[in-house]
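A.B. asks: no sequence on this one, just coordinates:
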């Protein structure tokens, strides 16, 4: 990782010039963070320490107390009509009211706090340092922010955090479910990169194999050691953290979220949007939801790999989808977001047109390039079960209709092509869902 941070280099994999904007990742004690900041930015800086009520008690309060060379201005976000703070755009205005004359934003938390801090930092040209309180996701180093606006889970490009400061004791003492979430989320990378490769073959989108290469090397250290999470093995937890941080850096290299987020993430986003629209708590932590999506993707890849080009061609010809009906079904779940969804949906239909036109012609190439990238269902089952992560969606959600439609409709909440699109356009997704729910 040290060879990538803060560097600009010509990629040996794709020939493009990549620039990694994250300048450093530092492991150290919480009490030393003020010295770390002072060495980089100087002293007497006004630092907005962004937390929620939980992370303020975990670390934020002590961070503020230890900022002796600099001035801490704590902002503790409190839930707005929800049990805990989630990444919703309504919190952005609250944060922006507190950033006058601020030199630096220090996010103290996990996904929600980090995404909100990066969003405000990018919008107002303020550098951001991330202080993770759990190894739960890859956003600490990523160049994107995911949040809910107008009822839709969206992902936008932002300036990544300049530095990540990690206290091993803090992340090792994090709630076990958050550590498991980070582990499960990291398993998405092979499937996300495979989906990205499919999109590249169909649309001509640029693809680089470096993102998967760097996360795969890190993944080898922990992927089959999930049983040590419950024992809070510091080495394994640190390795998971490294894998997640490299996952974020892989997005910087790609210039998008493609190498970290594919069809498996769309299913999780669909569930989050449903929870938001119905004013209920999310079904599980983001990474745990993604883990169930990873297993679904593995099953679909395994199902599709046996088909030949002529069979794919015949299936596409026979498949008759009334897309307006799909849009109506989508809006029945998210009625307050129908206008935003319409714009996304219309763009997606154009991409689907390219998929239907080229899929059969490119099918053998797609199989050759992507099947070796992904894990088999039995491998994913082994890894998730060993870490005691949820495998099946019904383990985190008891709404059978919602599960069915999360798999069938989530492909329409993003423009990009994923394995879910291929499965549906060839008429296999309905059959898959039927068997999955039995």
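C.D. replies: All right, it came through fine. The model shown is predicted, which means the values in this text are computed figures rather than measured ones. Residues are numbered from 1 along each chain as shown.

A.B. asks: for the rest of this, base every contact and every neighbour count on C-alpha atoms.
C.D. replies: Will do.

A.B. asks: wait, residue 115 sits on residue 143?
C.D. replies: No. Using Cα atoms under 8 Å, residue 115 is not in contact with residue 143, being 9.8 Å away.

A.B. asks: may I see the buried residues of stretch 290-310?
C.D. replies: 290-301, 304 (16 or more other Cα atoms under 10 Å).

A.B. asks: what does stretch 330-340 give?
C.D. replies: Neighbour-count burial for stretch 330-340 flags 330, 331, 333, 334, 337, 338 (criterion: 16+ other Cα under 10 Å).

A.B. asks: and the end-to-end length of that stretch?
C.D. replies: End-to-end distance of stretch 330-340 (Cα to Cα, to the nearest Å): 12 Å.

A.B. asks: contact partners of it?
C.D. replies: Residues outside stretch 330-340 that contact it (Cα atoms under 8 Å, 6 or more residues apart in numbering) are 150, 151, 152, 273, 274, 277, 341, 409.

A.B. asks: just those residues now: which is nearest residue 362?
C.D. replies: residue 409 (24.5 Å; Cα to Cα).

A.B. asks: so what's the residue count around the closest one?
C.D. replies: 20 (other Cα atoms under 10 Å).

A.B. asks: apart from its neighbours in sequence, what residue is nearest it?
C.D. replies: residue 330 (6.4 Å; Cα to Cα, 6 or more residues apart in numbering).

A.B. asks: am I right that the one you found sits in a helix?
C.D. replies: Yes. Using DSSP: H, G, I helix; E, B strand; the rest coil, the assignment for residue 330 is a helix.

A.B. asks: and the gap between it and residue 340?
C.D. replies: 12 Å.

A.B. asks: could you pull out the strands for the protein?
C.D. replies: Applying DSSP state E to the chain gives strands spanning 8-10, 17-19, 24-27, 46-52, 71-77, 104-109, 128-132, 144-149, 152-157, 163-166.

A.B. asks: of all those strands, which lies closest to residue 119?
C.D. replies: Of the strands of the chain, nearest to residue 119 by Cα to Cα is strand 144-149, at 6.3 Å.

A.B. asks: report the rounded mean pLDDT for the closest one.
C.D. replies: Per-residue pLDDT over strand 144-149 has a mean of 91.

A.B. asks: pull the residues that contact that strand.
C.D. replies: Contacts of strand 144-149 (Cα under 8 Å, 6+ apart): 87-89, 112, 115-116, 118-119, 139, 153-160, 256-257, 273.

A.B. asks: one more: stretch 237-244?
C.D. replies: By Cα under 8 Å, 6+ apart, stretch 237-244 touches 135-138, 168, 171-172, 179, 182-183, 186, 215, 218-219, 221-222, 229.

A.B. asks: off-centre distance for it?
C.D. replies: On the basis of Cα atoms, centre = their mean, to the nearest Å, stretch 237-244 sits 15 Å off its chain's mean C-alpha point.

A.B. asks: one more: stretch 184-192?
C.D. replies: Counting by Cα atoms, centre = their mean, stretch 184-192 comes out at 9 Å from the chain centroid.

A.B. asks: one more: stretch 272-282?
C.D. replies: Centre to centre, stretch against its chain (Cα atoms, centre = their mean), the figure for stretch 272-282 is 18 Å.

A.B. asks: figure out the length between the terminal residues of that stretch.
C.D. replies: End-to-end distance (Cα to Cα), stretch 272-282: 6 Å.

A.B. asks: low-confidence ranges, the stretch 101-250 of the chain, go.
C.D. replies: The stretch 101-250 of the chain contains no residues with pLDDT under 70.

A.B. asks: tell me where it has helices.
C.D. replies: All helices of the stretch 101-250 of the chain, identified by DSSP state H, counting those that start in this stretch, fall at 111-124, 168-172, 176-186, 189-203, 210-219, 234-254.

A.B. asks: burial count for residue 13?
C.D. replies: 12.

A.B. asks: how close does it get to residue 253?
C.D. replies: 11 Å.

A.B. asks: which positions within stretch 79-99 qualify as buried?
C.D. replies: Buried residues in stretch 79-99, counted by 16+ other Cα under 10 Å: 85, 86, 87, 88, 89, 91, 95, 99.

A.B. asks: ok, now stretch 167-182?
C.D. replies: 167-168, 170-172, 174, 176-182.

A.B. asks: run the chain-centre distance for it.
C.D. replies: Computed by Cα atoms, centre = their mean, the chain-centroid distance of stretch 167-182 equals 17 Å.

A.B. asks: from the buried residues of stretch 330-340, pick the one nearest residue 423.
C.D. replies: Using Cα to Cα, the buried residues of stretch 330-340 come closest to residue 423 at residue 330, 17.9 Å.

A.B. asks: quick check, central residue of the chain?
C.D. replies: Centre of the chain computed as the mean C-alpha position; nearest residue by Cα atoms, centre = their mean is residue 261, 5.5 Å away.

A.B. asks: my read: that residue touches residue 188, true?
C.D. replies: Yes. Counting by Cα under 8 Å, residue 261 touches residue 188, with 7.0 Å between them.

A.B. asks: number of residues surrounding residue 385?
C.D. replies: Residue 385 has 14 neighbours, counted by other Cα under 10 Å.
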